[in-house]
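> Sequence and predicted structure are below.
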Amino acid sequence: MPSIRLTHPWRCLVFCAAWLAASGGTWAQEKTAASSAITPLETRQIADGIYLHAGALQEWLPENGGDVANLGFIVGSRCVAVIDSGGTIDTGQRWRAAIAKLTSVPVCYVINTHVHPDHAMGNAAFRPDGDAAGAPEIVAHARFASSMAARERYIVNALQRDFHLPADQQRIVYPTRTVDKTLDLDLGGRVITLTAWPTAHTD
């Protein structure tokens with residue numbers, strides 16, 4: 001799974017293991033409109049420009065709406081990097097609303113730390129039209145797509161059977177950019193470095 005390191009001018013540990021485009025125009029306007037009708041996830045600031053949402057210490061189940069992963073986001077002067085998107089599109093929408101409430105800077109990256117559905121099924125909330133122009137890039141490990149494809153049938157079935165989500169809310173959004181070794185992402189005055197690790201919590 002990718003790890004994240006902040007470099008000059010801020011240095012700090014952001015999220016370890018469990019703690020964890022530039023866009024505008026139509027997508028930004030749609031983001032603002034959607035966020036206003038949705039209850040944002042609870043979020044707290046843990047460092048300058050670094051925010052955390054703590055998921056429930058439970059299994060990925062309908063009772064908690066799939067909100068069981070720890071999520072984060074990092075704000076630069078140009079744009080925001082989102083660290084994981086949540087376990088359902090509803091959670092992703094609430095996460096997106098929380099970000100819009102705290103900053104007007106657009107989201108340019110959604111980083112999936114690993115392939116488990118509680119961390120990645122909210123991707124569709126950030127790319128509502130799939131490859132819509134101006135939507136954030138989805139960034140993940142080089143093996144993320146193949147690992148997700150192997151699980152897709154199970155995940156979609158679980159969303160339909162357990163979460164009773166309609167077909168249009170079961171779409172899995174795959175990475176648009178991958179990390180094989182390291183990748184630097186410039187958020188404007190703040191650079192984060194993603195590192196692809198070998199098999200650990202996932203492959």
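Right, received. Where do you want to start? Residues are numbered from 1 along each chain as shown.
> so Ala56, which of the three states?
Per DSSP: H, G, I helix; E, B strand; the rest coil, the secondary structure class of Ala56 is coil.
> Could you list the alpha-carbon positions for the helix or strand hosting Leu194 in CSV?
According to DSSP states H and E, Leu194 maps onto strand 191-196. C-alpha atoms of strand 191-196 as CSV (Å, rounded to 0.1, in the frame of the first residue of the first chain):
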residue,chain,number,x,y,z
VAL,A,191,4.6,18.1,-1.7
ILE,A,192,3.5,14.6,-0.6
THR,A,193,5.5,11.5,-1.6
LEU,A,194,3.7,8.3,-2.1
THR,A,195,5.7,5.0,-1.8
ALA,A,196,4.5,1.7,-3.1
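> Show me the longest helix that occurs in the protein.
helix 144-161 (DSSP state H).
> Please compute how far it lies from its chain's middle.
17 Å (CA atoms, centre = their mean, to the nearest Å).
> residues making contact with that helix?
60, 88, 112, 114-115, 117, 120-121, 165, 167, 169-170, 172, 174-175, 178, 202-203 (CB atoms under 8 Å, 6 or more residues apart in numbering). (C-beta placed from N, C-alpha, C; glycine too.)
> One more pass at 7 Å, please.
The contact list for helix 144-161, computed with CB atoms under 7 Å, 6 or more residues apart in numbering, reads Asn112, Val115, Pro117, Leu165, Gln170, Ile172, Tyr174, Pro175, Thr178, Thr202, Asp203.
> Can you give the strand pairings for whatever helix or strand comes next after it, parallel or anti for each?
Using DSSP H and E, the next helix or strand after helix 144-161 towards the C-terminus is strand 177-179. Strand 177-179 sits in its sheet next to strand 137-141 (parallel), going by DSSP bridges.
> thinking again about what came up before, pLDDT (mean, whole number) over the longest helix of the chain?
Mean pLDDT, computed over helix 144-161, is 93.
> quick one: buried residues of it?
Residues of helix 144-161 classed as buried: Phe144, Ala145, Ser147, Met148, Ile155, Val156, Ala158, Leu159 (neighbour count, 16 or more other CB atoms under 10 Å).
> From the opening residue of stretch 65-85 to its closing one, how far?
Stretch 65-85 stretches 13 Å from its first residue to its last (CA to CA, to the nearest Å).
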